[in-house]
Every structure is written in C-alpha cells, then in structure tokens.
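this is a predicted model, with the sequence first.
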Amino acid sequence: MKKQATETAAKEEQLTQGNLRQFVGYEMKLAYLLVHEDMMRILKPTGLRIVTFSALGIVVENPDISQTQLAQALQIERSGVVVIVDELENADLISRNRVEGDRRSYALQATLKGRNLWSRTEKQVHDHEDRILSGLNVSERKTLKELLGRIIEDNRKS
C-alpha cells in the first residue's frame, strides 16, 4: 500500500499543464487563485469578504451612492447587493438613508467606523499586492495594470 502511494505521488509530480498553460485565460486563472486566496487571508481578521471590501471601498469613495449604482459598480444583480448592504449596515460600516422624494431608493454612506476600517484594510491590501507582485518591478506592475485595463475596456465596448 505504501509503495502504491509513493508511486502515485511520483506520478503526480510528473504531471504537466502545457496544454492549458499555453492559454492566457488559464494563466490569469492561476494568478487570480493566488491573489484570491491571499486576499481572503488578509480580510478574515477584519470580518470583511472580498465583495464587502469592494462594496465598502466604492461607498467610501462615492458618498450617497444608490444601491442600484453599487450593484452596477460591482457588476452584480441588484438583488444581490441588498445582502451585501445589509451585511455592511449590520456591522455599522455603512448607513442606508432614504432619498428625499424617492421612497424606493437609499443613499449609502460609510460610517466613521467604516471609513476607519477601509483605511486600515486598504493599507493591508496594498501590502498584500506588494507581496504577490514582488517578482515584478515598478514598471512591470504598471504595464500589467495597463494591459489588464485595456483588456477590460476593449471588451466592454464589444
């Protein structure tokens, strides 16, 4: 039994991914998984998830944003943003205020606690990115961001 486990482990070490690694999408997926796993580790002590961190950042930057606008910014269904807003509001990180003249809309604002948490967490996420991208120099990091931005923008137009 031990010999079979050793042979299986040796065989697993010999596996290659050349067929998949030739594709940009697969390389992006592998990179994303690394970033995602480390980001979850960074956020865990804050009580935030990646989506709530993202939502908080948008609300901090855009006071009085509506839930519909937040859903658009996060590129999720409006019904999905309600759960996120509830989570942030229950943690006292944002407030949801009625919009005068529109009983169906809420203006979202970050609370002092939310703004403070954002500031602390933003620094931690910058440190996380510095670790993940440590193999790239400043110019390469800038180029990577520019190229990813171009991919995003070029495909939004289509």
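Looks like it arrived, so ask away.

and the longest strand for the chain?
Assignment by DSSP state E gives strand 102-110 as the longest strand of the chain.

pairing partners for that strand, with directions?
Using DSSP bridges, the strands paired with strand 102-110 are strand 65-66 (antiparallel), strand 94-99 (antiparallel).

out of those, deepest packed?
strand 65-66 (a mean of 20; mean count of other CB atoms under 10 Å). C-betas here are computed from N, CA, C, even on glycine.

any idea of the mean pLDDT for that strand?
Mean pLDDT, computed over strand 65-66, is 94.

give the next helix or strand downstream of it.
Remark: after strand 65-66, the chain's next helix or strand is helix 67-74, criterion DSSP states H and E.

that older thread, export the strands paired with strand 102-110 to TSV and tack on distance to residue 144?
TSV is the format used below for these (distance: least, CB to CB, whole Å):
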stretch	distance to residue 144
strand 65-66	29
strand 94-99	31
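
one step back: now the angle from the longest strand of the chain to helix 67-74?
Going by axes from the mean of the first three to the mean of the last three CA atoms, to 10 degrees, strand 102-110 is angled at 50 degrees with respect to helix 67-74.

please write out the alpha-carbon positions of strand 102-110 in CSV.
Extracted in CSV, the C-alpha atoms of strand 102-110 (Å, rounded to 0.1, in the frame of the first residue of the first chain):
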residue,chain,number,x,y,z
ASP,A,102,-37.9,58.7,-3.8
ARG,A,103,-39.2,56.3,-1.2
ARG,A,104,-37.7,53.3,-3.1
SER,A,105,-34.1,54.5,-3.1
TYR,A,106,-31.5,54.6,-0.4
ALA,A,107,-28.3,56.7,-0.3
LEU,A,108,-25.4,54.8,1.1
GLN,A,109,-22.7,56.4,3.2
ALA,A,110,-19.8,55.0,5.1
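
touching it from outside, list them.
With contact meaning CB atoms under 8 Å, 6 or more residues apart in numbering, strand 102-110 is reached by 56, 59-60, 63-68, 70, 85, 93-99, 118.
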